[in-house]
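>>> I need the structure of the sequence given here:
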Amino acid sequence: MSEAAARASSAPGGIPATGIRKGLTNYGDAEFSLFLRKAFIKGAGYSDDALDRPVIGIINTGSGFNPCHGNMPALLEAVKRGVMLAGGLPVDFPTISIHESFSQPTSMFLRNLMSMDTEEMIRAQPMDAVVLIGGCDKTVPAQLMGAASAGVPAISLVTGSMLPGGYRGERVGACTDCRSFWGKFRGGEISKPEIDDVNSRLVGSVGTCSVMGTASTMACLTEAMGIAMPGSASAPAVTADRVRIAEATGTQAVALAAAGTKMDTILTQESFENGLRVLLAIGGSTNAIIHLTAVAGRLGIRLSLEQLDRMSTETPVLVDLKPSGKYYMEDFHRAGGVPAVLRELGSLIHREVPTVTGRTLGDEIDDAGPGFPQDIIRPLSNPVYPEGSLAFLRGNLAPGGAIIKQAAVSPALLEHTGPAVVFENTADLAARIDDPDLDVTADSVLVLKNIGPVGAPGMPEAGYLPIPKKLASQGVRDMVRISDGRMSGTAAGAVVLHVTPETAVGGPLRLVQTGDTITLSVSRRLIQLEVSDAELAQREEAMGPAAPVVPERGYRKLFVTEVTQADEGCDFRFLQG
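This is a model prediction of the structure:
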């Protein structure tokens, strides 16, 4: 270690730089820096005894614009209690908080900014370990990305899912049922007063979506990869279980600080493979592919979509939750949650990988017990769907690949050929999708361009194109839809997503014209534009090179200039490991 590095890692008097002594502000006098820091924090009532303990940072992402994090006060109190019971000093601090339905143009646009905020606040402030409290779709991956780059021991705590609501005797929940009822409203099956009534009954409490959307998926994957406490993914937000998990998380954070356990010792190649395996088995969100790729990329690990597809052929869907099944997250919790899924996956899981508990994943699976009879988490011998929930597609329309949630596709559309109806962007879609004169049938393939990472920017969840009203009124509920964007993890249908390269950077999707024939074959993993290479070359020459619109200033300019494509996680190039 160099002399400069030695000085940076030690506090005044040669004491190892831990706790409040870490990362002293440089005034040219280290002793004064510590003196000044302690003087200010003592103004908040801290004693010297408290300030001599390991400091556990707790990220507070509470926000009035984020109902997914509405239980943050209770979680903060419980985490602090757990930290103090273990002899640490808990200190919470705020970062950006983002919610999908309150973020314009999309929460994905802000994910990388939140990751940078998380990383720099961890680096800037003295802490021996950090508890990452998040829940809504992009917050958990943003926190994992930032903490992985910061290099401080970290543990994830999700806020938990909302309770389902009820409508006319039927259990309902966000947001799969939001889309289902809205489709009925667009199709004229229910009235305006009825949809208004539904709107007030879909969400039973604060917390993340009550189905296996992106938030619940990321919660399950953090646990499966060992970076969250065993059994922590599925407890609903407003339950006593969630609060007890928060306390245990705080206690374990002190142990991580004492052991100096960095994230890269837990999040290994094998841990990410476990994450992919569980993603397929739970019928998880397509968004998780992008997020896992981004987190892995921060650690210098490359995830392959081909690898995911190989896993998909041998990993059936075992969890019967919406949008691929019929149950809700609170049912999944009562059925045993992630430990039960891991137990059923058996030898398909890397059991030897470490976890935040200091034990292996296999140890934690064994401690979870033998299970009990129920039909929400199925055995391998009786799956909900015979293959994994996701399939990786390729073809001349997506040379870099595309994703489809095959377990949530109407069976008749898994193999389909039809004429394209093209929309150049979301404004064009909004203007024409419900036009009675739109030349579209149930066999048409709806194509939406320019909603990729660069083109939107931010890759919004507009890939779940609405069924044209004139077809919805005829009872059409699913069609083949293709875009370079994303869809909500709560959505279902024959929706081809993440077409790479995207339209804005010159991908073949930009060459598609209304009337072109497109073939989707999930069995052959094919997404093909049935137009000759010569014709496509002529179209490309006529259009000229792609010229993405680069904003003049600020974060938008940074985003468009530096964001990678979906197959690299839509992270910024300069942040990758």
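
>>> now do the longest helix seen in the chain: everything it contacts.
Ordering each helix of the chain by length in residues (DSSP state H) puts helix 240-259 first. For helix 240-259, the external contacting residues (C-beta atoms under 8 Å, 6 or more residues apart in numbering) are 54, 56, 58, 71, 74-75, 78-88, 90, 128-131, 153-155, 157, 159-160, 228-229, 231-232, 235-236, 333, 356-358. C-beta here means a position set from N, CA and C on the backbone, and glycine is covered the same way.

>>> would you mark the buried spots in that helix?
By 16 or more other C-beta atoms under 10 Å, the buried positions in helix 240-259 come out as 242-243, 245-258.

>>> what does stretch 64-79 give?
If you call a residue buried by 16+ other C-beta under 10 Å, then stretch 64-79 has these buried ones: 66-72, 74-79.

>>> run the chain-centre distance for the longest helix of the chain.
For helix 240-259, the separation from the chain centroid amounts to 22 Å (computed by C-alpha atoms, centre = their mean, to the nearest Å).

>>> restricting to C-alpha, output the helix or strand just after it in PDB.
Using DSSP states H and E, the next helix or strand after helix 240-259 towards the C-terminus is helix 263-266. Presented in PDB, the C-alpha positions along helix 263-266 are these (Å, rounded to 0.1, in the frame of the first residue of the first chain):
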ATOM      1  CA  MET A 263     -20.900  -7.300  -2.500                       C
ATOM      2  CA  ASP A 264     -18.600  -8.800  -5.100                       C
ATOM      3  CA  THR A 265     -18.000 -11.800  -2.800                       C
ATOM      4  CA  ILE A 266     -21.700 -12.500  -2.800                       C
END
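
>>> ok, so of the buried residues of stretch 64-79, who is nearest Ala296?
Cys68 (24.4 Å; C-beta to C-beta).

>>> can you give me the helices in the stretch 1-150 of the chain?
3-8, 30-42, 48-51, 72-85, 107-124, 139-150 (DSSP state H, counting those that start in this stretch).

>>> by mean pLDDT, show me the worst of those.
When the helices of the stretch 1-150 of the chain are compared by mean pLDDT, helix 3-8 comes last with a mean of 41.

>>> for the residue lying closest to Met212 once chain neighbours are set aside, give the beta-bridge partners.
Spatially, and ignoring its direct neighbours in sequence, Met212 is nearest to Leu321 (4.3 Å; C-beta to C-beta, 6 or more residues apart in numbering). Bridge pairing for Leu321 (DSSP bridges) gives the partners Tyr327.

>>> again, but for Val480
Val445.

>>> contacting residues for it?
Leu413, His416, Gly418, Val445, Leu446, Ala494, Val496, Ile518, Leu520.

>>> change it to 10 Å
404, 409-410, 413-414, 416-418, 420, 442-447, 465, 493-496, 518-520, 527 (C-beta atoms under 10 Å, 6 or more residues apart in numbering).

>>> just the buried residues of the residues you listed.
Buried subset of the contacts of Val480 (neighbour count, 16+ other C-beta under 10 Å): 404, 409, 413-414, 416, 418, 420, 442, 444-447, 465, 493-496, 518-520, 527.

>>> from the contact counts, what lies against the top strand by length along the chain?
Longest strand in the chain, counting residues (DSSP state E): strand 415-423. Packing partners of strand 415-423 (3 or more C-beta pairs under 10 Å, 6 or more residues apart in numbering; DSSP states H and E): helix 426-432, strand 445-448, strand 480-483, strand 517-521, strand 526-529.

>>> can you give me the neighbour number for Glu562?
Around Glu562 there are 13 other residues, counting by other C-beta atoms under 10 Å.

>>> give me the phi and psi for it.
phi -110, psi -10 (degrees, to the nearest 10).

>>> hang on, isn't it packed against Met116?
No - counting by C-beta atoms under 10 Å, Met116 is not a contact partner of Glu562; they are 11.2 Å apart.

>>> which neighbours do these two have in common?
Common contacts of Glu562 and Met116 (C-beta under 10 Å, 6+ apart): Phe572, Leu575.

>>> and the nearest residue to Val522 once chain neighbours are set aside, what pLDDT?
Nearest residue to Val522 in three dimensions, chain neighbours excluded: Leu414, at 4.4 Å (C-beta to C-beta, 6+ apart). Reading off the confidence values, Leu414 has pLDDT 97.

>>> please tell me how far Leu414 sits from Gly452.
25 Å (C-beta to C-beta, to the nearest Å).

>>> let me see the mean pLDDT of the strand or helix carrying Trp182.
Using DSSP H and E, Trp182 sits in helix 176-186. Regarding helix 176-186, the rounded mean pLDDT is 90.
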